[in-house]
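# fold the following and give me the result.
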Amino acid sequence: MDTSVYSEYMDDVNNSEGFYVTPSRDGSEFPGGIRHVGDYSGDDYRKAKCAAVFAVEEHNKKEGEKGSLEFKRIVNLNVEPAAGAIYYITMAAADASGKLFHYQAKVWKKINTGYQVLIFRLAPYWLKFSGNKKKG
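Numbering: from 1, shown residues only. Okay, the predicted model is just below:
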């Protein structure tokens with residue numbers, strides 16, 4: 001394993017809390033590590049979309065009328081295997097007036113016990129990956 005590639009990966013993980021992990025220059029992935037999902041038609045995306053909708057619903061329950069959001073689409077997705085999967089989702093959601101904002105949700109899909117929202121917040125920034133041709 002190239003230590004400079006690993007160091008770059010760890011910088012991404014630490015600086016973005018897992019939400020923005022750029023693919024390595026040589027295309028390699030770290031077993032068990034956080035990886036970017038670029039295929040928005042695959043199984044990872046389908047499961048992450050369910051996790052994102054769950055996170056928005058939980059936010060709405062917690063915030064009541066003042067926090068009413070409607071999930072629109074995933075704009076960036078990373079996943080980490082962990083007794084199920086942890087999804088690092090940057091999503092677009094509309095408030096009650098219809099204005100779009102970007103949010104980050106870290107959602108753990110536990111084996112046989114459902115979802116747990118670990119983080120839900122306004123995204124401090126978001127990156128647009130040009131490899132994503134289909135937005136959901």
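# shaky segments in the chain?
With pLDDT under 70 as the threshold, the chain has low-confidence stretches at 1, 23-29, 126-136.
# longest single helix anywhere in it?
Of all the segments of type helix in the chain, defined by DSSP state H, the longest one is helix 43-63.
# which element, helix or strand, includes the residue nearest to the spatial centre of the chain?
What sits nearest the mean C-alpha location of the chain, by C-alpha atoms, centre = their mean, is residue 89, with 1.4 Å. Counting by DSSP states H and E, the element that carries residue 89 is strand 84-94.
# dump the residue contacts of the residue nearest to the centre of the chain.
Each residue near residue 89 by C-beta atoms under 8 Å, 6 or more residues apart in numbering is listed here: 48, 51-52, 55, 74, 76-77, 104-107. C-beta: built from backbone N, CA, C; applies to glycine.
# confirm residue 73 sits in a strand?
Yes - using DSSP: H, G, I helix; E, B strand; the rest coil, the secondary structure at residue 73 is a strand.
# what is the neighbour count of it?
Look at residue 73: counted by other C-beta atoms under 10 Å, it has 14 neighbours.
# repeat for residue 83
When neighbours are defined as other C-beta under 10 Å, residue 83 has 11 of them.
# and the closest residue to it other than its chain neighbours, its phi and psi?
The shortest distance from residue 83 to any residue that is not its chain neighbour, by C-beta to C-beta, 6 or more residues apart in numbering, is 5.7 Å, and that residue is residue 111. With angles defined as degrees, to the nearest 10, residue 111 shows backbone torsions of phi -70, psi 120.
# do the one 10 residues further on as well
When quoted as degrees, to the nearest 10, the phi and psi of residue 121 stand at phi -160, psi 160.
# who are the contact partners of it?
By C-beta under 8 Å, 6+ apart, the contact list for residue 121 reads 103-104.
# sounds good, over and out.
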